[in-house]
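Student: build me a structure from this.
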Amino acid sequence: MGVKPLQEGEDIVDDVEYDREEGLVVPITTTKWESAYGKQIGNCAQRVNINVKGIPKYDKVQKQNLWEESKFHIDDPKGSKEKKFHEAVGARFRKHKSWLVSRFITKETAPPLDSPSANIKPWELYEGYITEEQWKEFETYCNINEFKALSEKGKENAKNNKHRHHLGSKSYERDRVDWTKTNRIPAESSTSSTTESTTRRVMSEKLKNRSLYWILARKTRNADGSWAIDPKNAETQ
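Tutor: Below is the predicted model of the structure:
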């Protein structure tokens, strides 16, 4: 049985979507590539032992191996993108463990009892990623006061997020396609030009639109079809 796909976090690829070619910054096509890269991030996160307390504490050799097999064609002479990669894996790893807790321990997201998947065990769902022994150790830790305190702190931090976005599993680049289709942002120009001028124009447009994307990501649709900042986001308004 296949595992549950992990969510693709916001802006995972935004920091690695540009490469350099003959001194120019060249944008890599992000729509399909971003999806594939996001899935690779998720795959890496699932392969980390769930009893590791965090990616910084993960075995250095194994962590480096994850990057070596994931860096594709990414040009990273300064190592900054590798750092972003590990941060992305760490964020996905935390989300992965949170989902395991809510699905199998607190049962907050467990399926109905009459569901075909109601009785599946985590080591069956994640066969090849989680063993029964690893799960029992994880379950024991999740029931001690230390973990419960950290869990409550995490929930409180989420509530205090002053600028919640509504991108779901998408990043700005992937939602940009939908925003263009619904005329919430202007369509990109199709005028042909030189590689250099096109590259500079794309870079300029992305920088200019970044603040617009930030606002659009925090808007919700009203009953009349218009869009506005979520009323719950008082700080953003």
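
Student: so how many other residues sit close to residue 111?
Tutor: 13 (other C-beta atoms under 10 Å). For every residue, glycine as well, the C-beta is placed using N, CA and C.

Student: sec struct for residue 72, please.
Tutor: What DSSP: H, G, I helix; E, B strand; the rest coil gives for residue 72 is coil.

Student: residue ranges in the chain under the pLDDT threshold?
Tutor: Scanning the chain for pLDDT under 70 picks out 1-34, 73-74, 145-174, 186-210, 230-237.

Student: what about the helices in it?
Tutor: For the chain, helices defined by DSSP state H occupy the ranges 31-47, 60-70, 80-100, 122-125, 132-142, 145-159, 172-181, 195-216.

Student: do you know how far residue 53 is from residue 180?
Tutor: 42 Å (C-beta to C-beta, to the nearest Å).

Student: sorry, wrong one. I was asking about residue 135.
Tutor: Counting by C-beta to C-beta, the gap from residue 135 to residue 180 is 44 Å.

Student: neighbour count: residue 53 and residue 180, which is higher?
Tutor: Taking neighbours as other C-beta under 10 Å, residue 53 and residue 180 compare with residue 180 leading, 13 against 10.

Student: domain map for the protein?
Tutor: 18-159, 172-229 (automatic domain parsing).

Student: dump the residue contacts of residue 97.
Tutor: The neighbourhood of residue 97, defined by C-beta atoms under 8 Å, 6 or more residues apart in numbering, consists of 50, 138.

Student: now the one 5 residues further on
Tutor: Neighbouring residues of residue 102 by C-beta under 8 Å, 6+ apart: 108-109.

Student: burial measure for the nearest residue to residue 46 once chain neighbours are set aside, as a count.
Tutor: With sequence-adjacent residues excluded and distances taken as C-beta to C-beta, 6 or more residues apart in numbering, residue 46 is closest to residue 129, at 4.9 Å. Counted with other C-beta under 10 Å, the neighbours of residue 129 add up to 18.

Student: distance of the residue lying closest to residue 92 once chain neighbours are set aside from residue 142?
Tutor: Setting aside the residues directly before and after it, residue 92 is nearest to residue 45 in space (C-beta to C-beta, 6+ apart), at 3.8 Å. To residue 142, residue 45 is 18 Å away according to C-beta to C-beta.

Student: residue 117 and residue 110 touch, don't they?
Tutor: No - Residue 117 is beyond contact range of residue 110, at 9.2 Å (criterion: C-beta atoms under 8 Å).

Student: what residues are up against the residue nearest to residue 92?
Tutor: 6, 89, 92-93, 95-96.

Student: now do residue 48
Tutor: 55, 58, 62, 89, 93.

Student: dump the residue contacts of the residue nearest to the first one when sequence neighbours are not counted.
Tutor: Yep, that's residue 55 we're talking about. Nearest non-adjacent residue to residue 55, counting by C-beta to C-beta, 6+ apart: residue 90, 3.6 Å away. Taking C-beta under 8 Å, 6+ apart, we find residue 90 in contact with 54-56.

Student: same list (those) but as TSV, adding neighbour count and distance to residue 35.
Tutor: TSV is the format used below for those (neighbours: other C-beta atoms under 10 Å; distance: C-beta to C-beta, whole Å):
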residue	neighbour count	distance to residue 35
54	11	26
55	20	22
56	11	27
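
Student: as TSV, the residues you listed with distance to residue 224 would be great.
Tutor: Putting these into TSV (distance: C-beta to C-beta, whole Å) gives the following:
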residue	distance to residue 224
54	45
55	45
56	48
